[in-house]
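How does the following fold in three dimensions:
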Amino acid sequence: MAESSRQGVVPLTDGPCLFTIGQQLETTWRHCMSRQQRLSLPLFFLLIFLPALLGGCAGMRHHIERPRVSLADIQVRGIKALETVFLVQVRIMNPNDEALDIRGISCDLKIDGRPFATGLSGEHHRIPAYGSALVTVPLYASMVGMVSTVLQAIQGGGNQGPGNIRYSLTGKVRLGGSVFEQTVPFETSGTLPSLEPGAGPG
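Here you go, the predicted structure:
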């Protein structure tokens, strides 16, 4: 009885069976490794070439020379109890050998070093190479005391006439294109022009 029981048990140390199992495990492991290598190969090349690609794109962006901005005109648009609206025209000059797409501009105006008015415009302009364009930006001022002084100055009256009040205009121009968009800062300063009728360059 004991002998028949021993004959019905398959020994765990059976040589051919262990060889077959080991061969299957080795085949499965090689298959998994080769598949993993195939999946990681594109990722490997991506990690290699991505820094070079980004570096080239950054170089393309940095070759654009900053546009030059100057104040061309300032006018009074409207006067309210607590707010005065000015319209300023800024001239944007393109010193590059390719056209620039202007997608927007934001401005902050200081009078005698003090914050005075702020505004923005979303007008789109395409400035040709070595060309320029006038962009109108509404500015909003809420400092009542300074507004009266500035109004007298740009209208040619008061104790401080034109040329006696200095301004500083700072802001950002948003450039857009088919590939990249970037924002470039600007700053210009000078003295307020006169809005007196008939005034102009002599």
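
so what are the domain limits for the chain?
15-63, 68-191 (automatic domain parsing).

which stretch in those has the least confidence?
Looking over the domains of the chain, mean pLDDT reaches its minimum on domain 15-63, with a mean of 57.

ok, for residue 189, nearest residue in space, not its chain neighbours?
Of all residues not flanking residue 189 in the chain, residue 168 sits nearest, at 4.4 Å (C-beta to C-beta, 6 or more residues apart in numbering). C-beta coordinates here come from the backbone N, C-alpha and C atoms, glycine included.

My error: substitute residue 130 in the last question.
The shortest distance from residue 130 to any non-neighbouring residue, by C-beta to C-beta, 6+ apart, is to residue 94 (6.5 Å).

How much space separates the one you found from residue 102?
Residue 94 sits 9 Å away from residue 102, taking C-beta to C-beta, to the nearest Å as the criterion.

which neighbours do these two share?
By C-beta atoms under 8 Å, 6 or more residues apart in numbering, residue 94 and residue 102 have these common neighbours: residue 127.

and the residue nearest to residue 189, how many neighbours does it have?
By other C-beta atoms under 10 Å, the residues close to residue 168 number 18.

Let me know whether it touches residue 187 as I believe.
Yes: Residue 168 is within contact range of residue 187, at 7.0 Å (criterion: C-beta atoms under 8 Å).

shared neighbours of these two, anything?
With C-beta under 8 Å, 6+ apart applied, the contact sets of residue 168 and residue 187 do not overlap.

Confirm for me that residue 96 is in contact with residue 68.
No: with contacts counted by C-beta under 8 Å, residue 96 stays clear of residue 68, the gap being 10.8 Å.

quick one: contacts for the residue nearest to residue 130?
Applying C-beta under 8 Å, 6+ apart, one finds that residue 94 lies in contact with 67, 100, 127, 128, 129, 130, 131, 132.

and it, backbone torsions?
phi -100, psi 110 (degrees, to the nearest 10).

Any idea what residue 84 is bridged to?
The partner list for residue 84 in beta bridges (DSSP bridges) reads residue 79, residue 141.

Dig out what residue 111 forms beta bridges with.
On the basis of DSSP bridges, residue 111 takes part in beta bridges with residue 114, residue 167.

ok, now how distant is it from residue 139?
11 Å.

if you count what's nearby, which of residue 96 and residue 68 comes out ahead?
For residue 96 versus residue 68, neighbours defined as other C-beta under 10 Å are more numerous around residue 96 (16 against 13).

In terms of pLDDT, where does the nearest residue to that one once chain neighbours are set aside sit?
Closest residue in space to residue 96, ignoring its immediate chain neighbours: residue 65 at 5.3 Å, by C-beta to C-beta, 6+ apart. What the model reports for residue 65 is a pLDDT of 87.
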